[in-house]
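> only geometry, no sequence info:
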């Protein structure tokens, strides 16, 4: 890695568009003269010309997905792995073709994780955790049915407010109460499946859940395809007895970072209902932050788990590419989308990650992953931060709002002075090319997979989706293949970085949650400048596939959360979670302004 690498990440500036002006742009795109002008503007302003002129990248290999080089060499060992047989879960049922989390069977791994202290948080507000539900059910101070009835009441209440929270795309009371009754019966009969039995979990509306429509933030997707089975990740959670409380709102097609959705309603941030949650896993973040559930599933192609987790004061985990299978997930961008989780604390993140992680024969990109030592990491008594080398690229770290920089630097100082960890100065070259490559991958793959469908439903599609699809028409095969070489170059540089450090640290987002403009409360908005600013620290890790986690570490003067991001080597989620657990113990959490007490009133 060049020792003199220059920080080059750009922040493209474009006028904010909303309402009539935004709709007018999408109408003009169909006119020949404007089409030529607009296509040239998209190429120039979004860095495509720079991408096409990057001659250095041609000496690097094509890497078609982030863990291609690792999966190939591991696949032969996988074929003969005994863990790929059918395995028993806690209640004795069989879960066909379910692969155990690396190194332990699923039930055993969760028992080890659940034996660790309930929470590392020492002060401040504490969200209800998975373990709080477990203990409440053990003591019979409440039941899964009572919890579910409260959730249903609170969901209705949240929509009846003058400023509706718009958390859920859909929820079905009958289905929720059925799962709750089954869980309650298991608890009553002494047959609870483990720590997750009876725990409410929300699912983003681009993930299939049997009995629910998958609309991906649109008004029409379910008319094209209605899921008849669960995504593997959902099946694994249901096997542990969770209660799915419904499908959460999201940005249409996942093509946006603020959370705006003019069709289904824009979710509001529980820390300030006048602010965005972040997206595209917007409803999932609002569901957890408001207390409706301790865990929600999300997807992340360019920060869509980490940014809403950061803006809503939650833990957001984007595991290594392929670690959690994505069969049953909507195909937006096959090589950048990571399945992950938003949770109220690190231990809940670990438990839910453990329940979902592991290869699946139904997702080829999940096959070939190595074994993990998460359960060993979290149950270890050794000081997790002693001797830890934290990589900081100073120019990048400080490319954020003055308040975000001050709060993150203050936390870093506290961490270093109290832990035995050390800061290591690093550089990461060509970050701007990684930003552009992420955009090229997402738009090209989304256009290839969904372009015809969106054109069929053109009038029903949101303006930002139309603009993205318009851009996809003008990206070439050469642009896409060059983006794969950018991935190869980035991964080459990062391999050098991770020889020097254990983790890399950045702010999660360059800004705290922005206000929802009045004209965007019920209408569309496209703010490219804000999007790139929010995504500044996250997109390169979608290109490279490294695991990343966000943890809230401070709050602004107006009470909005500010989070840091930690990134580790491929497959080292255990390392990330162990460090995050220690980081969490240094943070005094604050209570959201909108929070529902679903365990007891």
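The structure has been received and is ready for your questions. Worth saying up front: this structure is predicted, and the values here are computed from it rather than measured. Numbering: from 1, shown residues only.

> which other helices and strands contact the host helix or strand of residue 479?
Per DSSP states H and E: residue 479 is located in helix 477-500. Applying 3 or more CB pairs under 8 Å, 6 or more residues apart in numbering; DSSP states H and E, one finds that helix 477-500 contacts helix 48-52, strand 389-392, helix 431-456, helix 539-544. No exception for glycine: its C-beta is placed from N, CA and C like everyone else's.

> so which of these is the most packed in?
helix 539-544 (a mean of 28; mean count of other CB atoms under 10 Å).

> and the helix or strand just after that helix, what does it pack onto?
Once the chain leaves helix 539-544, the next helix or strand it forms, by DSSP H and E, is strand 548-555. Helices and strands touching strand 548-555, by 3+ CB pairs under 8 Å, 6+ apart, are helix 306-311, strand 315-318, helix 402-419, strand 561-567, helix 573-584.

> okay if I get the ones you listed as CSV plus mean pLDDT?
Formatted as CSV, the helices and strands packed on strand 548-555 follow (pLDDT from 0 to 100):
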stretch, mean pLDDT
helix 306-311, 98
strand 315-318, 98
helix 402-419, 96
strand 561-567, 98
helix 573-584, 89
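
> got those as TSV, with distance to residue 126 columns?
As requested, the helices and strands packed on strand 548-555 are arranged in TSV below (distance: least, CB to CB, whole Å):
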stretch	distance to residue 126
helix 306-311	17
strand 315-318	13
helix 402-419	19
strand 561-567	15
helix 573-584	11
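
> which of these is buried the deepest?
Highest mean neighbour count among the helices and strands packed on strand 548-555 (mean count of other CB under 10 Å): helix 306-311, with a mean of 36.

> next one: that helix to chain centre, how far?
8 Å (CA atoms, centre = their mean, to the nearest Å).

> what packs against that helix?
Going by 3+ CB pairs under 8 Å, 6+ apart, helix 306-311 lies up against helix 282-289, strand 315-318, strand 548-555, strand 561-567.

> can you list the neighbours in contact with the second one?
Taking contacts as CB atoms under 8 Å, 6 or more residues apart in numbering, the residues outside strand 315-318 that touch it are 298, 300, 305-310, 338, 340-346, 348-349, 353, 508, 541-542, 547-552, 563, 573, 576-577, 580, 584.

> repeat for the third one
Identification of contacts with strand 548-555 by CB under 8 Å, 6+ apart yields 306, 309-310, 313-318, 346, 349, 407-408, 410-411, 508, 538, 541, 561-568, 576-577, 580, 583-584, 586-587, 589-590.

> hmm, which helix or strand of the protein has the shakiest average pLDDT?
strand 87-88 (a mean of 29; mean pLDDT, DSSP states H and E).

> which parts of the stretch 1-150 of the chain are helices?
19-28, 32-45, 48-52, 68-79, 106-114, 130-139, 144-160 (DSSP state H, counting those that start in this stretch).

> I'd like those helices as TSV, with mean pLDDT and distance to residue 334 appended.
Compiled in TSV, the helices of the stretch 1-150 of the chain are given as follows (pLDDT from 0 to 100; distance: least, CB to CB, whole Å):
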stretch	mean pLDDT	distance to residue 334
helix 19-28	91	26
helix 32-45	85	23
helix 48-52	94	20
helix 68-79	44	12
helix 106-114	57	26
helix 130-139	96	31
helix 144-160	98	33
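
> out of the helices and strands packed on strand 548-555, flag the one nearest residue 40.
Closest approach to residue 40 among these (CB to CB): helix 306-311, 29.9 Å.

> so where is the stretch 101-250 of the chain shaky, pLDDT-wise?
For the stretch 101-250 of the chain, residues meeting the criterion pLDDT under 70 lie at 101-122.

> go again with 80.
101-123, 225-226 (pLDDT under 80).

> all strands of it, in order?
Along the stretch 101-250 of the chain, the stretches classed as strands by DSSP state E, counting those that start in this stretch are 168-170, 200-204, 243-248.

> now the helices for the stretch 251-400 of the chain?
Counting by DSSP H, counting those that start in this stretch, the helices of the stretch 251-400 of the chain are 282-289, 306-311, 346-356, 374-379, 394-397.

> and the longest one, how far from the chain's centre?
Spelled out, it's helix 346-356. 14 Å.

> tell me who's in contact with residue 271.
If you count contacts by CB under 8 Å, 6+ apart, residue 271 has them with 289, 312, 313, 513, 559, 560, 561, 590, 592, 593.

> where does the stretch 351-500 of the chain dip in pLDDT?
Short version for the stretch 351-500 of the chain, where the test is pLDDT under 80: 371-384.

> gap between the closest residue to residue 255 other than its chain neighbours and residue 48?
Spatially, and ignoring its direct neighbours in sequence, residue 255 is nearest to residue 468 (5.1 Å; CB to CB, 6 or more residues apart in numbering). Going from residue 468 to residue 48 by CB to CB, to the nearest Å gives 14 Å.

> the residue lying closest to residue 290 once chain neighbours are set aside: how many residues sit nearby?
Spatial nearest neighbour of residue 290, chain neighbours left out: residue 270 (4.3 Å); criterion: CB to CB, 6+ apart. Number of residues near residue 270 (other CB atoms under 10 Å) recorded here: 28.

> show the contacting residues for residue 270.
So residue 270 contacts 165, 286, 289, 290, 312, 592, 593, 594, 595 (CB under 8 Å, 6+ apart).

> I'd assumed residue 596 was in contact with the fourth one.
I take that to be residue 290. Yes. Shown here, residue 290 and residue 596 form a contact pair, counting by CB atoms under 8 Å, at 5.8 Å.

> shared neighbours, the two?
With CB under 8 Å, 6+ apart as the test, residue 290 and residue 596 both reach residue 158.

> ok, those two, which is more surrounded?
Between residue 290 and residue 596, residue 290 has the larger neighbour count (other CB under 10 Å), namely 25 against 21.

> tell me how far that one lies from residue 247.
From residue 290 to residue 247 the distance is 16 Å (CB to CB).

> stretch 270-289: end-to-end distance?
Terminal residues of stretch 270-289 lie 6 Å apart, using CA to CA, to the nearest Å.

> now that stretch: how far from the chain's centre is it?
13 Å.

> got the buried residues for that stretch?
Across stretch 270-289, burial judged by 16 or more other CB atoms under 10 Å covers 270-273, 275-289.

> over to stretch 546-563?
Buried, per 16+ other CB under 10 Å, within stretch 546-563: 546-556, 560-563.

> cool, and stretch 335-347?
Of the residues in stretch 335-347, those buried (16+ other CB under 10 Å) are 335-347.

> any idea which of the residues you listed is closest to residue 423?
Among these, and counting by CB to CB, the member closest to residue 423 is residue 346, at 22.0 Å.

> how about residue 525, nearest residue that isn't a chain neighbour?
residue 18 (4.5 Å).

> what's around the one you found, how many residues?
19.

> go on, residue 366?
24.

> contacting residues around it?
322, 323, 324, 325, 326, 358, 359, 360 are the contacts of residue 366 under CB under 8 Å, 6+ apart.

> need those residues in CSV with neighbour count, can you?
Formatted as CSV, the contacts of residue 366 follow (neighbours: other CB atoms under 10 Å):
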residue, neighbour count
322, 27
323, 27
324, 32
325, 27
326, 24
358, 26
359, 28
360, 25
